[in-house]
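Enquirer: Here is the input, now give the coordinates:
(chains A and B)
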Amino acid sequence: KNEVEQSPQNLTAQEGEFITINCSYSVGISALHWLQQHPGGGIVSLFMLSSGKKKHGRLIATINIQEKHSSLHITASHPRDSAVYICAVAPYTDKLIFGTGTRLQVFP
Amino acid sequence: NAGVTQTPKFQVLKTGQSMTLQCAQDMNHEYMSWYRQDPGMGLRLIHYSVGAGITDQGEVPNGYNVSRSTTEDFPLRLLSAAPSQTSVYFCASSQQGWHIQYFGAGTRLSVL
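Expert: Here you go, the predicted model:
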């Protein structure tokens, strides 16, 4: 069993829809990351969080440490949100463990 | 402020050839790492460094070599390329290993 599981693996949406991507993990962590990988391949960090909720523009990330679960929400989705979203956890070490990603396509 | 600069973007090698992937960062980060990304798998750590002169193995180190002579540079060497090393390679840097990662643009490597 992978230590970091993301769901769904693939997601399609119409422009304007509210989107949720889930991440479950099985180890104790000091932090959880959400990353975005653009169709061109570049990877950027969206959020790093260890408790509660963070918001940046139309993106919201939440984490429940007790349930070992995090969600990434996108409000009012847009075709430019189409990307692969990757969850990664930091299990009290220097090394991150990455999920396999959720591929999101938003159609006009 | 360039961030993390990774070269080349594309490379094709023949089995047995050697090459070096370059990575440089200008953010004075102590922690640098190399990952490979393969279809259906999460990013996997090849080697990492917590500072100049200090390197360590990650999850998939075989066939790769690294050195860290300066804070800025962290090259990855493929000693004798094999088809199993066909992958996309990313270099990253951060203040600490668990902290926000800054990624290079990636290198798409094909080994024939």
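
Enquirer: For the rest of this, base every contact and every neighbour count on C-alpha atoms.
Expert: Noted.

Enquirer: quick one: what helix or strand has the closest residue in space to residue B:42 that isn't next to it in sequence in it?
Expert: Leaving aside its sequence neighbours, residue B:42 sits nearest to residue A:100 (CA to CA, 6 or more residues apart in numbering or on different chains; 4.1 Å). Taking DSSP states H and E as the definition, one finds residue A:100 inside no helix or strand.

Enquirer: Can you give me every residue that contacts residue A:100?
Expert: Contact analysis of residue A:100 by CA atoms under 8 Å, 6 or more residues apart in numbering or on different chains lists A:5-6, A:86-87, B:40-43.

Enquirer: do that again at 10 Å, thanks
Expert: Going by CA atoms under 10 Å, 6 or more residues apart in numbering or on different chains, residue A:100 touches A:2, A:4-7, A:9, A:84-88, B:37-43.

Enquirer: Taking those residues, please make a ChimeraX selection of just the buried ones.
Expert: In ChimeraX syntax, the buried subset of these is picked out as below (16 or more other CA atoms under 10 Å in any protein chain shown):
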select /A:4,5,6,7,9,84,85,86,87,88 /B:37,42,43
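
Enquirer: Inside helices: which ones of the contacts of residue A:100?
Expert: Among those, no residue falls in helices (DSSP state H).

Enquirer: Can you flag which of the contacts of residue A:100 belong to strands?
Expert: Within these, residues falling in strands by DSSP state E are A:4-7, A:84-88, B:37.

Enquirer: now residue B:61: how far from residue B:82?
Expert: Between residue B:61 and residue B:82 the distance is 14 Å, computed by CA to CA, to the nearest Å.

Enquirer: who touches the helix or strand harbouring residue B:110?
Expert: When elements are assigned from DSSP H and E, residue B:110 belongs to strand B:107-111. Applying CA under 10 Å, 6+ apart, the contact partners of strand B:107-111 are A:41, B:6-17, B:21-22, B:36-37, B:81-91.

Enquirer: Perfect, I'm done here.
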